[in-house]
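# Quick one, fold the following:
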Amino acid sequence: MLDLLDVRPGHRVLEIGTGTGWNAALLAHRLGPGRVTTVEVDPALAARAAARLEDAGLGVRTVRGDGARGAGAEGPYDRTVATCSVRSVPPAWIAGTRPGGIVLVPWESPWLCYGLLRLTVDGYGGASGSFSPYSAFMLMRGQRTDLRIYRDVVRDHHVPQESATRLAPGAVAGGDWAAQFAIGLQLPGVWRTWHENPDVKGVASRLWLATTDAASWAAVDLDGQTTDRFTVWEHGPRRLWASVEAAHGWWRESGCPGPERFGLTIAPDGRHTPWLDTPDNPVPVRG
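Numbers count the residues shown, from 1 in each chain. The predicted structure is shown next:
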């Protein structure tokens, strides 16, 4: 991450998520005193990290607060880096970074926590840049989805529609992280989880899908033996499994790209537009 951040002598850096203070210490060791500001939302972590950094004499400014708001009027910074993942980039991070500066942030969709996004700020209130793979961080507190299938989504009075699919649930929510990353970009409001041994006759495992507003859900059953036909149950105004099939089909038709071929542009109004290879080739977002 620090290589991607590309800090240079004279830069000022804002870090979101102090944690132990280790990352801020590395940055301050490279840049010198007075060049690094770090923000931590947890009071106890912030206090301990501030004490460590002060003892080390590194000249780091430690702020306790909500990192989504940036660091007040101390900017603009040359670099902003987060050590928590986000589903949307807070506007304060772009506003607090100088034109031409870099915002580096771990990425997460409700489908998958994976990838690093490296944005260059354009000076007009927006930013654009590419993803890299191989990263997974805890999601920023203010963007978390506290969703549980049997508490928040499925109700006893729901009567789901039954259908079948030949697309294996493991192909979209298994070990292929490139596929999952692409599906997450296309379905930004869809969450998924596995339910092993769900105590349903003939079902070995079940893939649950739900919209983050809990209005629609789907379940795909695996019996542990059949590999070419799976039962689908769906309820709500959206047919989520059809959206997943379309997202997976688009990914395959596009050559099964990995995260490094994707990017994201953030407009001055905050609108996020994912793209493949170039900003003029937007990813189909299925909402």
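# quick one: average pLDDT of stretch 206-221?
The average pLDDT within stretch 206-221 is 96.
# what comes up buried for that stretch?
For stretch 206-221, burial by neighbour count (16 or more other CB atoms under 10 Å) applies to 206-211, 214, 216-221. (Glycine included, C-beta is placed from N, CA and C.)
# same thing with stretch 100-114?
For stretch 100-114, by 16+ other CB under 10 Å, it's 101-114.
# quick revisit: can you flag which of the buried residues of stretch 206-221 belong to strands?
206-211, 217-221 (DSSP state E).
# which one of the residues you listed is nearest Asp78?
If you rank these by distance to Asp78 using CB to CB, Thr211 comes first, at 38.9 Å.
# Tell me how far the closest one lies from Trp111.
Distance of Thr211 to Trp111, computed by CB to CB, to the nearest Å: 12 Å.
# so what's in contact with those two at the same time?
Residues touching both Thr211 and Trp111 (CB atoms under 8 Å, 6 or more residues apart in numbering) are 190-191.
# doesn't Thr38 make contact with Arg61?
Yes. Here Arg61 lies in contact with Thr38, judged by CB atoms under 8 Å, at a distance of 7.3 Å.
# When those two are compared, which one has more neighbours?
Thr38 (29 against 18; other CB atoms under 10 Å).
# who does the more buried one bridge with?
Bridge pairing for Thr38 (DSSP bridges) gives the partners Glu15, Thr62.
# so Glu15 makes contact with Ala24?
Yes. Judged on CB under 8 Å, Glu15 makes contact with Ala24 at a distance of 5.3 Å.
# Could you tell me which residues touch both of the two?
Counting by CB under 8 Å, 6+ apart, the shared contacts of Glu15 and Ala24 are 36, 38.
# domains of the chain?
Using automatic domain parsing, the domains assigned to the chain come out as 2-142+258-276, 147-253.
# can you map out the helices along the stretch 151-287 of the chain?
In the stretch 151-287 of the chain, the helices defined using DSSP state H, counting those that start in this stretch lie at 169-173, 177-186, 240-253.
# my guess is Ile16 meets Arg79, correct?
No. Using CB under 8 Å, Ile16 is not in contact with Arg79; the gap is 11.4 Å.
# between those two, who's got more neighbours?
Taking Ile16 and Arg79 together and counting by other CB under 10 Å, Ile16 has the greater number of neighbours (27 against 23).
# What's the separation between Cys84 and His11?
Taking CB to CB, one finds Cys84 at 21 Å from His11.
# scratch that, Arg69 is what I was asking about
Using CB to CB, we find Arg69 at a distance of 22 Å from His11.
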